[in-house]
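Asker: need a structure here:
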Amino acid sequence: MREGKEDIYEDVGYMKYTEKNADTYDKYRELGGIINRADYEDALHKEMAASKESGEFVIEAGAIARHAGIELENEKGTVDPRAKLFAVLRSYQKPGGNNHHGQMGDQHLFAEALRMLGDSDALEKLIKAYPNMDFN
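Answerer: Predicted coordinates for the structure are as follows:
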């Protein structure tokens with residue numbers, strides 16, 4: 001990240017990400033996150049800029065969350081940051097056009113979104129809801 005840059009993200013609901021709070025990536029890694037720092041920061045930036053246009057992926061995030069007993073905070077005209085970040089990760093394209101996270105299942109990508117936003121309570125619910133999946 002560039003030195004001297006002001007806070008680049010507003011409150012994402014679960015973790016305030018700022019230049020001064022660089023340990024958010026470390027927290028993400030402590031929660032078992034596997035995405036590299038550059039892709040992590042890029043995805044968070046895209047989540048903040050994303051609109052509610054991610055339709056099918058947001059619906060899929062909702063289905064996963066409901067199964068796990070996670071309540072998404074979708075209000076009229078807005079989409080929960082966890083669902084938006086899942087949509088960003090699901091549609092993420094690396095330079096060259098290949099789907100970088102295409103090898104990961106939807107539940108795994110939702111887990112990554114939860115980790116990235118520091119939502120350890122929801123992550124725990126997700127892991128318990130899918131006992132036959134390895135989220136590590």
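
Asker: rest of the way, CA atoms for contacts and neighbours
Answerer: OK.

Asker: now do stretch 70-90, average pLDDT.
Answerer: Stretch 70-90 carries an average pLDDT of 84.

Asker: so, low pLDDT: which residues of the chain?
Answerer: Residues of the chain meeting the criterion pLDDT under 70: 1-22, 48-54, 75-77, 93-103.

Asker: what ranges do the helices span in it?
Answerer: In the chain, helices defined by DSSP state H lie at 24-30, 37-49, 55-68, 81-91, 106-116, 120-129, listed in chain order.

Asker: closest to Asn136 out of the ones you listed?
Answerer: helix 106-116 (9.1 Å; C-alpha to C-alpha).

Asker: quick one on the thing from earlier: in CSV, list the helices of the chain along with mean neighbour count and distance to Asn74.
Answerer: Shown next, in CSV, are the helices of the chain (neighbours: other C-alpha atoms under 10 Å; distance: least, C-alpha to C-alpha, whole Å):
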stretch, mean neighbour count, distance to Asn74
helix 24-30, 17, 23
helix 37-49, 16, 15
helix 55-68, 17, 9
helix 81-91, 26, 9
helix 106-116, 24, 16
helix 120-129, 17, 15
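
Asker: quick one: Leu85 and Asp42 touch, right?
Answerer: No: with contact defined as C-alpha atoms under 8 Å, Leu85 does not reach Asp42; the gap is 10.8 Å.

Asker: returning to what we had before: using TSV, lay out the helices of the chain together with distance to Asn136.
Answerer: Shown next, in TSV, are the helices of the chain (distance: least, C-alpha to C-alpha, whole Å):
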stretch	distance to Asn136
helix 24-30	11
helix 37-49	17
helix 55-68	17
helix 81-91	17
helix 106-116	9
helix 120-129	10
